Structure formats: structure tokens, C-alpha cells
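A.B. asks: Below are the sequence and a predicted model for it; my questions follow.
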Amino acid sequence: MTPTQPQPPPSPVSAAAEPHVWAEMTVEVALAVMSGARTARLVIRDGDGRRTGVVTRDQLAGFRASPAYTDQVRLSELHQPDTPHRSGPPRPSPCEVPCAA
């Protein structure tokens, strides 16, 4: 008889199966999770497990390179729900920039 190894039951594929982090985790932890999961984006979830946004490796790396970065900054401090993170002040729209005459 050939020994067999037990296989875990297949898990259902759903949105909850996406790699995710909690909003109260630090930028460093999120980058470590991304590295371990070999992904370039993570879903952010609140304390109740609800999806509140998405963060990318580029967004976190950009923030990490900014002067505002410390290893204690939490995702909830720099990510607005379901909006992309922006480094620095908001850029004015072309309508707000005076034209050089």
C-alpha cells in the first residue's frame, strides 16, 4: 500500500480570498504581507472585516520614501476608503493653474 498525504479541502474562490490587510496594520507589515503573498496589491479591511480600499506596492513605496514616513504609520492614517493614495499635496486641475502669458 502506498502512503498518501492528506490534502486540505479546496477553498471556495471569492473576493474574501484576495490577499488583505487590516487598516490598523503598519506600512511595514503591509509591505511584508505583499512580499510573502507575491502580489502588488492588497485589499484593506476594517475591524469588522469589510473592504475599505485597496493599496498597491507603488503607493506604499512612494510613501515610504517621503519625509512623513515612520515605521509606526498605519494604513488607516494614509488611505481614504476606495480612493487611490496620493503622495504630497493634491495637484491642481488644469483649470486652476494660471496660464503664463
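C.D. replies: Perfect, I can see it now.
A.B. asks: Would you mind measuring the gap between the ends of stretch 47-64?
C.D. replies: Counting by Cα to Cα, to the nearest Å, you get 24 Å between the two ends of stretch 47-64.
A.B. asks: Also stretch 44-56?
C.D. replies: First-to-last residue span, stretch 44-56, Cα to Cα: 10 Å.
A.B. asks: So which bits of that stretch are buried?
C.D. replies: For stretch 44-56, the neighbour count (16 or more other Cβ atoms under 10 Å) marks 44, 45, 52, 53, 54, 55 as buried. Heads up, the C-betas are built off the backbone N, CA and C, glycines and all.
A.B. asks: Just the mean pLDDT for it, thanks.
C.D. replies: For stretch 44-56, mean pLDDT is 92.
A.B. asks: Equivalent analysis for stretch 28-41, please.
C.D. replies: 95.
A.B. asks: now stretch 68-87
C.D. replies: 70.
A.B. asks: Scan the chain for its longest helix.
C.D. replies: For the chain, the helix with the greatest residue count under DSSP state H is helix 27-37.
A.B. asks: What residues sit buried inside it?
C.D. replies: Buried residues in helix 27-37, counted by 16+ other Cβ under 10 Å: 27, 30, 31, 34.
A.B. asks: Next up, the contacts around the second one.
C.D. replies: For residue 30, the set of contacting residues under the criterion of Cβ atoms under 8 Å, 6 or more residues apart in numbering consists of 21, 42, 55, 60, 75.
A.B. asks: At which residues are the helices of this structure located?
C.D. replies: Along the chain, the segments classed as helices by DSSP H run 27-37, 57-64, 75-78.
A.B. asks: Between those, which one is closest to residue 17.
C.D. replies: Residue 17 lies closest, by Cβ to Cβ, to one member of those: helix 27-37, at 11.3 Å.
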